[in-house]
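Chemist: Have a look; sequence and predicted model below, questions after that.
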Amino acid sequence: MHRVLTHGQLAAALRALSEQRFRPPGAHSTRTYSVPTLERWLYAYRSAGLDGLRPQPRSDRGFAQDLSEELRTLLLDIRREHPDASVPLILKTLVDEGRLEATQVSEPTVRRLYAAHGLRRRAARAEGEPKTRLRWQVERPGALWHGDVCHVTGCTVGGKAMPLRIHGLLDDASRYVVALEAHTTEKEIDMLAMTVDALRRHGKPDALYLDNGSTYRGDVLKTACARLGITLLHAKPYDPEARGKMERFWRTLREGCLTYLGAVASLVDINTTLRAFLDRRYHPAPHAGLLGQTPAKVYAARPAAEGSVDEKALRVALTERTRRRVSGDNIVSVDGVAWQLDQGYLAGQIVSVARCFVAPDEPPWVEHEGKRLVLHPVDPQRNARRKRLPCGGPAVNKPTRPVDFNPARTLGRSMGTGADTSERGGET
């Protein structure tokens, strides 16, 4: 900077500097700089000092440069007045009204304009205005159960990384967890099995308050709740705050257990850990929402026999019946699984197939004319050795006297062949 160099000496000095390695501030490795870069820095410093080395902003920086100040203000005012309106809707409306050309500005540019002014889109609500949040709670244990699924990642089961889904049911008044199970899927049948176990141990609640996922929207659950007298409620979409009790429990479970699962041998180990967490950490711990009482103590105040459900009522409530057509080879398909029907006379007919979700491993059956016909898993190799039975259906009682029926005689008479065949030589 301070040496007086001729042109040739300056070039040699810059080449020598370009071959040296320097570690920039905050960098973890060294690097070199080219001669043109060093020369540009030198002349910029000689011209304007340190200010000449500062990066200069673009002269055309900003968003939507082709828009006039009037249109820019209009776009910002529309978002402030209608925070739930989407960018495509805003632009299409302005184009249709002739206040904006179709290709004048793109949607990403308008989104960046809104983001720069802190005008993010707000989801629309059915009521049109944000609603007031109030802390609420039902009057007694057993009046309302919350149901939800917690997604867990970063856990290996049996040496394999797989998704983990924690299904849970929480009593609203006591914060007592009546059911908690780990699965690798989020299917309705997993939730139904857990719910059946909870109904056996704790009786039925007055209402179930569930998420909007497909797990809780099946016809089996809807029918079972109607048969058992349980009110089925679903939270409004895009409103997680309405289910704060369940979300708060998931946070407690993550911080106290799920984050530290790591590698486990099987789902049985995970479920054992979850039960231990509930019995030793969660249920005996004072809860701020219960004014310092424990969930176990508050839930124990519920009468033991309240809401009890017997096994027969459970089976009736959770038995589903659907209509299926029996194929030509006596196969009935239920949820993609092929079952065989032994009654061959029902081939090609539409039958009523029933199955009970109280015992998911129990095979389905066919109900026909007041009878229960058992379905069997298809065994093609065994069928290759089985004797084929006639498929004419149940035997029909034969008449007690002969019936006058002779198609050949009728044809002979219609052609005028003469005497009846029964008169020739006494033959009948």
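Modeler: In hand now; what should we look at? Numbers count the residues shown, from 1 in each chain.
Chemist: Now do the helices in this protein.
Modeler: 7-18, 35-48, 69-81, 87-96, 107-116, 188-202, 219-228, 244-256, 267-277, 295-300, 311-317, 380-385, 407-415 (DSSP state H).
Chemist: phi, psi of the nearest residue to R79 once chain neighbours are set aside?
Modeler: Leaving aside its sequence neighbours, R79 sits nearest to L119 (Cβ to Cβ, 6 or more residues apart in numbering; 4.4 Å). Every residue, glycine included, has its C-beta placed from N, CA and C. When quoted as degrees, to the nearest 10, the phi and psi of L119 stand at phi -110, psi 70.
Chemist: circling back: can you add mean neighbour count, mean pLDDT and distance to I331 and give the helices of the chain back as TSV?
Modeler: Below are those laid out as TSV (neighbours: other Cβ atoms under 10 Å; pLDDT from 0 to 100; distance: least, Cβ to Cβ, whole Å):
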stretch	mean neighbour count	mean pLDDT	distance to I331
helix 7-18	12	88	80
helix 35-48	12	90	77
helix 69-81	14	89	59
helix 87-96	15	90	50
helix 107-116	15	88	53
helix 188-202	19	92	22
helix 219-228	16	92	23
helix 244-256	16	91	43
helix 267-277	15	92	33
helix 295-300	18	94	48
helix 311-317	15	91	26
helix 380-385	8	83	11
helix 407-415	10	80	37
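Chemist: mind checking which of those helices is nearest E369?
Modeler: Set against E369 and scored by Cβ to Cβ, the helices of the chain come closest in helix 311-317, at 20.7 Å.
Chemist: picking that back up, run a quick neighbour tally on the residue nearest to R79.
Modeler: As a burial measure, L119 scores 16 neighbours (other Cβ atoms under 10 Å).
Chemist: my guess is V334 contacts R323, does it?
Modeler: No. When contacts are counted by Cβ atoms under 8 Å, V334 is not listed as touching R323 (11.6 Å).
Chemist: between the two, what contacts are shared?
Modeler: Taking Cβ atoms under 8 Å, 6 or more residues apart in numbering as the contact rule, the neighbours common to V334 and R323 are V353.
Chemist: Pick out whichever of these two has more residues nearby.
Modeler: The residue with more neighbours, out of V334 and R323, is V334; 15 against 8, by other Cβ under 10 Å.
Chemist: rewinding a little: and V149, which of the helices of the chain is closest to it?
Modeler: The closest of the helices of the chain to V149 is helix 188-202. By Cβ to Cβ, the value is 7.8 Å.
Chemist: Do a quick rundown of the strands in the stretch 251-400 of the chain.
Modeler: Under the criterion DSSP state E, counting those that start in this stretch, strands of the stretch 251-400 of the chain are mapped to 263-264, 319-325, 331-334, 337-341, 350-356, 365-368, 371-377.
Chemist: Which residues does the first one contact?
Modeler: The reference is to strand 263-264. By Cβ under 8 Å, 6+ apart, strand 263-264 touches 155-159, 270, 273.
Chemist: do stretch 26-42 as well
Modeler: For stretch 26-42, using Cβ under 8 Å, 6+ apart, the contacting residues are 1, 11, 14-15, 17-24, 53.
Chemist: Pipe those into TSV and attach distance to K371 per row.
Modeler: Compiled in TSV, those are given as follows (distance: Cβ to Cβ, whole Å):
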residue	distance to K371
M1	104
A11	104
L14	100
R15	100
L17	98
S18	95
E19	96
Q20	96
R21	90
F22	91
R23	88
P24	86
L53	94
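Chemist: sorry, back to before: just put the helices of the chain in a markdown table and tack on distance to V351.
Modeler: Below are those laid out as a markdown table (distance: least, Cβ to Cβ, whole Å):
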| stretch | distance to V351 |
| --- | --- |
| helix 7-18 | 87 |
| helix 35-48 | 83 |
| helix 69-81 | 59 |
| helix 87-96 | 51 |
| helix 107-116 | 55 |
| helix 188-202 | 23 |
| helix 219-228 | 19 |
| helix 244-256 | 41 |
| helix 267-277 | 36 |
| helix 295-300 | 45 |
| helix 311-317 | 20 |
| helix 380-385 | 20 |
| helix 407-415 | 35 |
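Chemist: since we're on R54, how many residues are nearby?
Modeler: Neighbour count of R54, defined by other Cβ under 10 Å: 10.
Chemist: Tell me the pLDDT of it.
Modeler: Per-residue pLDDT puts R54 at 86.
Chemist: What of the one 10 residues further on?
Modeler: Among the per-residue scores, A64 holds a pLDDT of 62.
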